[in-house]
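> Build the 3D model from these lines:
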Amino acid sequence: MSGLGCCFWWLVLGALLGWLASWLLSRMFARTEVVAPAVAAPVRASDGIDHAAARAAGYFLTGPENLEVIEGIGPSIAHLLRSNGVNTFAKLAAMTLAGLQAILDKGGERFRLANPQTWAEQAALAVANRWADLRRLQDALDAGVRRD
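Predicted structure coming up:
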């Protein structure tokens with residue numbers, strides 16, 4: 001076999017082995033999401049969130065700590081809020097604008113562009129299980145701020 005043909009087949013074999021190793025590792029170590037059965041009660045007593053209503057409005061919650069549902073809050077800001085004791089929708093809804101801004105300021109320069117103007121309002125709708133109202137509000141927002 002020529003030198004070029006031999007290298008080609010080694011390349012194909014290496015790619016297949018790499019794909020197989022990646023697939024096996026992802027199967028062994030990947031987190032699996034536990035999906036509640038469709039006949040489960042719509043409100044879980046542990047967090048008071050109506051997950052069925054949230055799903056119907058297009059939200060897929062993993063629990064009350066899923067602050068990324070709030071428009072304007074991404075993973076970094078959610079981590080910052082949780083590290084400052086704001087780890088549920090209820091706690092976020094109880095925060096004042098000044099309190100939220102203080103947490104963002106404490107986080108440093110990278111959080112300067114974040115505007116928490118509507119975060120407490122959005123969280124209050126989530127706590128009240130008014131998911132359709134939250135969806136309508138978020139449709140009128142741009143990065144968590146009302147469009148004028």
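> contacts and neighbour counts: CA atoms only from here.
Noted.
> wait, Leu97 sits on Asn115?
No. The pair Leu97 and Asn115 does not pass the contact test of Cα atoms under 8 Å, sitting 9.3 Å apart.
> More neighbours: the two, which one.
It is Asn115, of Leu97 and Asn115, that has more neighbours when counted by other Cα atoms under 10 Å, with 17 against 14.
> State the pLDDT value of that one.
With respect to pLDDT, Asn115 scores 88.
> next one: Ala40
On pLDDT, Ala40 comes in at 38.
> For whichever helix or strand Arg136 is part of, enumerate the helices and strands it packs against.
Using DSSP states H and E, Arg136 sits in helix 131-139. Counting contacts by 3 or more Cα pairs under 8 Å, 6 or more residues apart in numbering; DSSP states H and E, helix 131-139 packs against helix 51-56, helix 119-127.
> tell me the angle the last one makes with helix 131-139.
Angle between the axes of helix 119-127 and helix 131-139 is 150 degrees (criterion: axes from the mean of the first three to the mean of the last three Cα atoms, to 10 degrees).
> Helix 119-127 - what's its average pLDDT?
So the average pLDDT for helix 119-127 ends up being 90.
> Please apply the same query to stretch 53-63.
Per-residue scores along stretch 53-63 average to 80.
> Quick check: can you list the domain ranges of this structure?
Domain segmentation of the chain under automatic domain parsing yields 1-32, 51-146.
> residue ranges with poor pLDDT in the chain?
Scanning the chain with the threshold set as pLDDT under 70 gives 1-3, 30-47, 63-65, 143-145, 148.
> Would you map the helices across it?
3-29, 51-56, 75-83, 89-94, 97-107, 119-127, 131-139 (DSSP state H).
> In CSV: those helices, plus distance to Glu68.
Below are the helices of the chain laid out as CSV (distance: least, Cα to Cα, whole Å):
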stretch, distance to Glu68
helix 3-29, 24
helix 51-56, 14
helix 75-83, 6
helix 89-94, 10
helix 97-107, 15
helix 119-127, 11
helix 131-139, 13
